[in-house]
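S.K.: predicted model follows, preceded by the sequence.
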Amino acid sequence: MSAIVPVILCGGSGTRLWPRSRKARPKPFLPLVGSRTLFQQALDRCGDPALFGPPLVVAGEAHVPLIREQGGAGLRIAVEPAARNTAPAIALAAALLDPDDVLLVCPSDHHIADIAAFRAAALAAAELARQDCMVAFGIAPDRPETGYGYILRGARLDGGFRVERFVEKPDRATAEGFLAQGGYSWNGGIFAFRASAFLAELAAHRPGMARLVGESAEQGGWADARFDPAAAPWQAIKGESVDYAVMENTARAAMVPADLGWSDIGSWQALHAARGGDAAGNHVTGRADLLDCRNVMVDSDGPRVSVVGLEGVIVVVDGDEILVTRASGAQLVGKLPGPNAP
């Protein structure tokens, strides 16, 4: 049987969880939920050799030292000469692996609470991928989230469903309608494809991208568990997500339902939800005193933080940087000057 090869997409600009996350050490490389970093947890989930082959990480040059530090010297890395979004990154991995391998594409910066459920979904997705389906994990929604794309399930398949359609990030009323109607899942950015099938779909829908990735892979080379694709053809690629390039175009889209305790940790509010809280919904990391507070999170790496009489507030102290935000406004953190400073 063909191997299931975890393909860990690793990157990030370090803006959404500023000031804890920075460009030099973005979200995947931080221990935000538990003692292991999100990147290490992604490796851990796929670490059973009875189920998965050795992983392949796709990342930029800036993150190679952190990947080696946290993943080990023998971990295979394909190093992108420039960021070109997820479709070229996945295509590069597919070009480097055996044509029959099943790529299990996993972001490096997500949190998954239920590892057993993840592995069960991965095995179901791999079976569909071996039939040349392009498989997305459909995350069970627990709220009318407007920050995620949605998947509408179609006809039942053995182990999953056909995809009726993909839906872009909806407004609040539309998201509430999706939950009321049922049959909709979040698109969590976790996928499974057979390598040759993915490359064939990419060639059908984005022939220019497929050609340039192929040239870059053919002209590149391995050294010390590191693959460097040729820079010239790679630089010419027009970046695009796998959703736009393949998933929304293929006639072979499928999904497996996945109730994983999943979070993309896309904001401080999302991190608070993943960490949980006490009876009042408060969570403290570091030194803090909270009095008459509800749903407050404090994360300090040194100074004591005292909060009195507030609700729905997040306070983060990282060195000489301090962030104070309403939880509901946490999505705007990346627009501040601080996260985007050189």
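M.R.: It's in.
S.K.: find the residue at the geometric middle of this structure.
M.R.: Of all residues in the chain, the one closest to the mean position by CA atoms, centre = their mean is Pro107, 2.9 Å from it.
S.K.: residues contacting Ile322?
M.R.: Neighbour list for Ile322: Pro19, Val315, Val316 [criterion: CB atoms under 8 Å, 6 or more residues apart in numbering]. Glycine gets a C-beta too; all of them are placed from N, C-alpha and C.
S.K.: tell me the confidence at it?
M.R.: Looking at Ile322, its pLDDT reads 97.
S.K.: how much space is there between it and Ser13?
M.R.: Counting by CB to CB, to the nearest Å, the gap from Ile322 to Ser13 is 21 Å.
S.K.: how about Phe191?
M.R.: Taking CB to CB, one finds Phe191 at 22 Å from Ser13.
S.K.: the more surrounded of these two?
M.R.: A direct count of neighbours by other CB atoms under 10 Å for Phe191 and Ser13 places Phe191 higher, at 25 against 15.
S.K.: so who does the more buried one touch?
M.R.: Taking CB under 8 Å, 6+ apart, we find Phe191 in contact with Ile90, Leu103, Leu104, Val105, Ala125, Met134, Val135, Ala136, Phe137, Val242, Met247.
S.K.: from those residues, which two are the most distant?
M.R.: Leu104 and Met247 (15.3 Å; CB to CB).
S.K.: higher neighbour count, these two?
M.R.: Counted by other CB under 10 Å, Leu104 and Met247 do not tie: Leu104 has more neighbours, with 30 against 25.
S.K.: wait, doesn't the more buried one sit right on Ala3?
M.R.: No - with contact defined as CB atoms under 8 Å, Leu104 and Ala3 do not form a contacting pair (9.9 Å).
S.K.: got phi/psi on Leu128?
M.R.: Note on Leu128: backbone dihedrals following degrees, to the nearest 10 are phi -70, psi -40.
S.K.: now do stretch 221-231, average pLDDT.
M.R.: The pLDDT scores in stretch 221-231 average 97.
S.K.: may I see the buried residues of stretch 96-114?
M.R.: Across stretch 96-114, burial judged by 16 or more other CB atoms under 10 Å covers 96-97, 101-112.
S.K.: gap between it and the chain center?
M.R.: 10 Å (CA atoms, centre = their mean, to the nearest Å).
S.K.: need the distance between the two termini of it.
M.R.: Terminal residues of stretch 96-114 are spaced 30 Å apart (CA to CA, to the nearest Å).
S.K.: what mean pLDDT would you report for that stretch?
M.R.: Rounded mean pLDDT across stretch 96-114 is 97.
S.K.: now swap in stretch 277-286 and tell me
M.R.: Averaging pLDDT along stretch 277-286 gives 98.
S.K.: alright, I will stop here.
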